[in-house]
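Colleague: Sequence and predicted structure are below.
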Amino acid sequence: MIASLRGIVEKSLNGIVLDIGGVGYGLAVTSEDFGKLADGKEAKLYVHEHIREQGYDLFGFTLPDTKKLFEQLLGVKNVGPRVAMAVLDIGSAAQVRGAIASGDVKLLQGAKGVGKRAAEQIVVELRDKVGLVAGASAEDLVYRPGINTQDEAVEALVALGYSPQDATVALQKIDPALSTEERIKLALKG
């Protein structure tokens, strides 16, 4: 079993190739990880091997936490590796965890190939499993911060064409005590 690989990154249209001593390993990566990785630089990726009768695929992640979330998604009925990667492409691992923990079916439906039924299935099966902070007991139910789907300013920016992630980032440095209208104006200026 391949747990991780370290090598020189070569970006391609279908993911990345990790050159390790002259052997190139093709890995599918999330959009977030693709953006983090620099062409020609060394990187370490945590690997999930997906072996099936028709092929052998490698999925790479810069953080072990993202790999764990990917594997949790694979445990959901009717979710394969391509759908799991599409779900991870809607935001950071923390944002996806937040969406699942808060039951944000609409955000999950934004992933390519995920319909309402699949999004609901992900929430039902993973809601109590994805949000716990390491070291927290099941009774604590301390969730990691994600996209605040109850925030009217986020909803307004999304309605104006922002992605949920971009709306959240735009509002992060703005005082939450301001009125929703003021926060939206400042986010649009920023």
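Modeller: Looks like it arrived, so ask away. Nothing here was measured: the structure is a model prediction, and the numbers come from that model.

Colleague: Next up, the contacts around Arg6.
Modeller: Residues in contact with Arg6 (Cβ atoms under 8 Å, 6 or more residues apart in numbering) are 18, 20, 42-45. In this view, the C-beta of every residue, glycine as well, is placed from N, C-alpha and C.

Colleague: and it, which of the three is it?
Modeller: strand (DSSP: H, G, I helix; E, B strand; the rest coil).

Colleague: Let me see the ranges of the helices in the chain.
Modeller: Counting by DSSP state H, one finds helices in the chain at the ranges 31-36, 64-74, 81-88, 93-102, 105-109, 116-130, 152-159, 164-172, 180-189.

Colleague: Give me whichever of these is most buried.
Modeller: By mean neighbour count, with neighbours taken as mean count of other Cβ atoms under 10 Å, helix 93-102 ranks first of the helices of the chain at a mean of 23.

Colleague: so can I have TSV of the helices of the chain showing mean pLDDT and distance to Arg52?
Modeller: Listed next are the helices of the chain as TSV, based on pLDDT from 0 to 100; distance: least, Cβ to Cβ, whole Å:
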stretch	mean pLDDT	distance to Arg52
helix 31-36	91	23
helix 64-74	94	12
helix 81-88	94	9
helix 93-102	88	24
helix 105-109	92	25
helix 116-130	90	20
helix 152-159	79	37
helix 164-172	79	31
helix 180-189	87	44
